[in-house]
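> Sequence and predicted structure are below.
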Amino acid sequence: MNLKTEYMGLKLKNPLVASASPLMRNVDTVRKMEDMGIAAVVMESLFEEQIIHEQHELDHFLTHGAESYAEAVSYFPEPESYEMGPEEYLRHLESLKAAVDIPVIGSLNGVSPGGWMDYAKKMQDAGVDALELNAYYIATDMDKTSREIEDNYVGVLKTVKSEVKIPVAMKLSPFFTSTAAMAKRLDDEGADGLVLFNRFYQPDIDLENLDVYPNLVLSTSESMRLPMRWIAILYGKIKASLAATSGIHTAEDVLKMLMVGSDVTMICATLLKHGVERIQDILTDLVKWMEEHEYESVAQMKGSMSYKSVAEPAAYARANYMKVIKSYM
């Protein structure tokens, strides 16, 4: 069975990519993913706040009180908020690249212009095969227009593209006023790939302590319907590669995403739930289904159920709303 696919110019042995998660912190775990058959991995994100935090800390402890006593310049604080600092992150990337033969994709998380984006070049120097820009942004400023927010995304992409020669993907939110127009704009600005969609984790409220706190709820297969719809709509209309993420847990989920036009499918929650052995199970089930339905390759099915290929494209648009309501009745 030919499971080969191509993502942002990277030749992959199959369409399964492990998306950014804490699993990437352990080199042996990533080696095991490779043994189980994963085609590529995305390193967990290096956050804009991490870089700025370290820069401020370094500046403070190199200058504050330095004239009072010489020992002050040798004091460095222990990290308080992050698993690893930026320099440690880069060293870890180098270790991952040395440990596995599959592509390793770096990830930068941030949305404001600034010096933190220099780390795109540093990741390239560390040996990553591509870069994913994870633009996680909650628009809370009532005076900031949608165009200004979109300009931030484009500005980050253009700056990073000017710094590196490796492929760059944008991981997007589903909350743009016009998702299709935003995808086209990023495509026109040179994005090598679009990852749909960033799954915003929502906070919860502790009623006993009256506190707002983070509460991670892992995705289910139902979460894949939103990216599936938009990949189906975008397939064949933009040059950038399309990566599906959110809610991909089974071989059936992978098959659906490939049929609407995904070049790769990114998995995370199912690995956290079931362990990295889940990779092998998904690939086995994928091959079994393709054999039973007489498919010879991933390329043969890709895009076969996209907006431009199905007999009733309105199923992906507004007309589907009325049918859904009626079907429930």
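Sure, I can see it. Residues are numbered from 1 along each chain as shown.
> hey, let's count contacts and neighbours off CA atoms from now on
Fine.
> So residue 17 lies in a strand, does it not?
Yes - checked against DSSP: H, G, I helix; E, B strand; the rest coil, residue 17 lies within a strand.
> Surely it and residue 38 touch.
Yes - counting by C-alpha atoms under 8 Å, residue 17 does reach residue 38; the two are 6.0 Å apart.
> which residues are common contacts for those two?
When C-alpha atoms under 8 Å, 6 or more residues apart in numbering defines a contact, no residue borders residue 17 and residue 38 alike.
> Centre of the chain to stretch 238-257, how far?
12 Å (C-alpha atoms, centre = their mean, to the nearest Å).
> Tell me the buried residues in it?
Under the neighbour-count criterion of 16 or more other C-alpha atoms under 10 Å, stretch 238-257 has 238-251, 253-257 buried.
> avg pLDDT for that stretch?
Across stretch 238-257, pLDDT averages out at 97.
> got a list of what residue 310 touches?
Contacts of residue 310 were listed using C-alpha under 8 Å, 6+ apart, and they are residue 304.
> and the gap between it and residue 271?
Using C-alpha to C-alpha, to the nearest Å, residue 310 is found at 32 Å from residue 271.
> Run through the helices of the stretch 1-150 of the chain in chain order.
Here the stretch 1-150 of the chain has its helices, by DSSP state H, counting those that start in this stretch, at 27-36, 48-63, 86-99, 119-126, 146-163.
> same check, this time on the stretch 151-300 of the chain
Assigned by DSSP H, counting those that start in this stretch, the helices in the stretch 151-300 of the chain fall at 179-188, 225-234, 251-260, 269-274, 278-292, 298-301.
> among those helices, which is the most enclosed?
helix 251-260 (a mean of 23; mean count of other C-alpha atoms under 10 Å).
> So what touches it?
Contact with helix 251-260 is made by 221, 224, 228-229, 231-232, 235, 244, 247-248, 264-265, 282-283, 285-286, 298, 301-307, as judged by C-alpha under 8 Å, 6+ apart.
> Could you do stretch 4-22 as well?
For stretch 4-22, contacts defined as C-alpha under 8 Å, 6+ apart pick out 3, 38-45, 103, 107, 167-169, 192-193, 240-243, 245, 263-268, 279, 297-299.
> Drop anything exposed from these.
Using 16+ other C-alpha under 10 Å as the burial test, those include 3, 38-45, 103, 107, 167-169, 192-193, 240-243, 245, 263-268, 279, 297-299 as buried.
> where are the low-confidence patches of the stretch 1-150 of the chain?
Within the stretch 1-150 of the chain, the stretches with pLDDT under 70 are 53-83.
> which ones are touching residue 312?
By C-alpha under 8 Å, 6+ apart, the contact list for residue 312 is empty.
> can I get the CA coordinates of stretch 231-250 in PDB?
What follows is stretch 231-250, C-alpha atoms only, in PDB (Å, rounded to 0.1, in the frame of the first residue of the first chain):
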ATOM      1  CA  ILE A 231     -10.200  21.800   4.200                       C
ATOM      2  CA  ALA A 232     -12.900  20.500   1.800                       C
ATOM      3  CA  ILE A 233     -13.700  24.100   0.800                       C
ATOM      4  CA  LEU A 234     -10.100  25.200   0.400                       C
ATOM      5  CA  TYR A 235      -8.800  22.200  -1.400                       C
ATOM      6  CA  GLY A 236      -7.700  23.000  -4.900                       C
ATOM      7  CA  LYS A 237      -8.100  26.700  -4.400                       C
ATOM      8  CA  ILE A 238      -4.800  27.600  -2.700                       C
ATOM      9  CA  LYS A 239      -1.200  26.500  -3.400                       C
ATOM     10  CA  ALA A 240      -0.300  25.900   0.300                       C
ATOM     11  CA  SER A 241      -0.300  22.400   1.700                       C
ATOM     12  CA  LEU A 242      -3.200  21.600   4.000                       C
ATOM     13  CA  ALA A 243      -2.800  19.900   7.400                       C
ATOM     14  CA  ALA A 244      -5.800  18.700   9.400                       C
ATOM     15  CA  THR A 245      -5.600  18.900  13.200                       C
ATOM     16  CA  SER A 246      -8.200  18.600  16.000                       C
ATOM     17  CA  GLY A 247     -10.200  15.500  16.700                       C
ATOM     18  CA  ILE A 248      -8.200  12.900  14.700                       C
ATOM     19  CA  HIS A 249      -8.300   9.800  16.800                       C
ATOM     20  CA  THR A 250      -9.000   6.800  14.400                       C
END
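> Please consider this matter closed, and thank you.
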